[in-house]
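Q: Sequence first, then the predicted structure:
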Amino acid sequence: MEKDLQALAKVQEWYGPHSSTAAEWPVDALMAVKGNTTVSVVLPARDEESTVGDIVTVIRRDLVERVALVDEVLVVDSNSTDATAERARQAGARVVAQDQVLSHLVEPLTGKGEALWKGLAASTGDIVVYIDSDLRSFGAHYVSGLVGPLLKHGDLQFVKATYERPYTGADGVVQRGGGGRVTELVARPLLNMFWPELAGFAQPLGGEYAARRAVLEQVPYVTEYGVEFGLLVDLLHLVGLDAMAQVDLGHRTHTHQSMTALGRMAGQIILTAWSRLERQGRVLASEPPAHTLLQFGLQGQSALVDVAVAERPPLASLVPEEDVA
């Protein structure tokens, strides 16, 4: 009990000085301190033709052309079967095919984390901002809000977004705060149990965050949907809680996934957490956990799915500096 109270006190001490809102980071003020620091925005995209173009358009219009806060907008096309790549190019992004990045060094893998890792390899900025490509509430403040603390405070290494996440049901009714189901049912309990220092991050699985390239290149990337969870835990170990912060971006709406898809995501996050506990010597097991998940449909039909997660090594350990971009 005493240990739990100490962890809570540390989170409360961290929360105030390390939490802010996007409005606290106006673009003009950021331009005054940007100097020679370069910023890359990386969007992983798989079949997001309906949203990716609009997001790229806003970034280029407000943060590249009106002011030069962003130096590069990169879309990683994750084997899309629609017009994602074309829409992104038309909007002004540089588009790379996920499987073609570092193809001379590694065999291709699947998953969101793979796209993020390849995006890190293909981009060039000193600061890398990750933005999901399915957002329907995107504004330029998503990027400037995340970049702000890193430009202003040299001791910060990582900034995570927080926001209110509404859930829109099949009937069209919007439930405020109803989004982030896997966060509340899986990620938050795991963090509070095993990494309570991270309990202050309100949206640990959110896809919007920024960090210094030099730090991101030193941590592994889980290739599937455990990537955000793994990065939080690994960065805590690498840079410490005081080098991490969060910024409130307001609200976030996006395409909701099915319950079966969320079940697979939950399995991948649990396996990611397990691998970190093993790596830190906190669990010992005679055999690894199973990585199959038996799911049932409404009519009683069942399907056995694989929720195993692969992992890319720290980019700095794999790629000579001149080959990273």
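A: All right, it came through fine.
Q: what about the closest residue to residue 194 other than its chain neighbours, is that helix, strand or coil?
A: Distance criterion CB to CB, 6 or more residues apart in numbering; nearest residue to residue 194, sequence neighbours excluded, is residue 277 at 6.3 Å. For glycine as for every other residue, the C-beta is placed from the backbone atoms N, C-alpha and C. When the structure is reduced to helix, strand and coil (DSSP: H, G, I helix; E, B strand; the rest coil), residue 277 reads as helix.
Q: any low-confidence regions in the stretch 101-250 of the chain?
A: Per-residue confidence of the stretch 101-250 of the chain (counting by pLDDT under 70) places the weak regions at 167-179.
Q: What segments of it are strands?
A: 127-130, 158-164, 167-168, 174-175, 209-212, 221-222, 244-251 (DSSP state E, counting those that start in this stretch).
Q: Could you confirm residue 44 falls within a strand?
A: Yes: membership of residue 44 in a strand is supported by three-state DSSP.
Q: what pairs with it across the strands?
A: Residue 44 has the following beta-bridge partners by DSSP bridges: residue 76.
Q: now swap in residue 162 and tell me
A: In this entry, residue 162 is beta-bridged to residue 248, by DSSP bridges.
Q: Format the strands of the stretch 101-250 of the chain as a markdown table; extra columns: mean neighbour count.
A: Compiled in a markdown table, the strands of the stretch 101-250 of the chain are given as follows (neighbours: other CB atoms under 10 Å):
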| stretch | mean neighbour count |
| --- | --- |
| strand 127-130 | 26 |
| strand 158-164 | 23 |
| strand 167-168 | 15 |
| strand 174-175 | 10 |
| strand 209-212 | 26 |
| strand 221-222 | 27 |
| strand 244-251 | 22 |
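Q: Out of those, the one nearest residue 5 is which?
A: Ranking those by their distance to residue 5 (criterion: CB to CB) puts strand 244-251 first, at 21.6 Å.
Q: Need the contact partners of that closest one.
A: The set of residues external to strand 244-251 that reach it, using CB atoms under 8 Å, 6 or more residues apart in numbering, is 18-22, 25, 137, 139, 141-142, 145-146, 148-149, 153, 156-166, 200-203, 208, 235-236.
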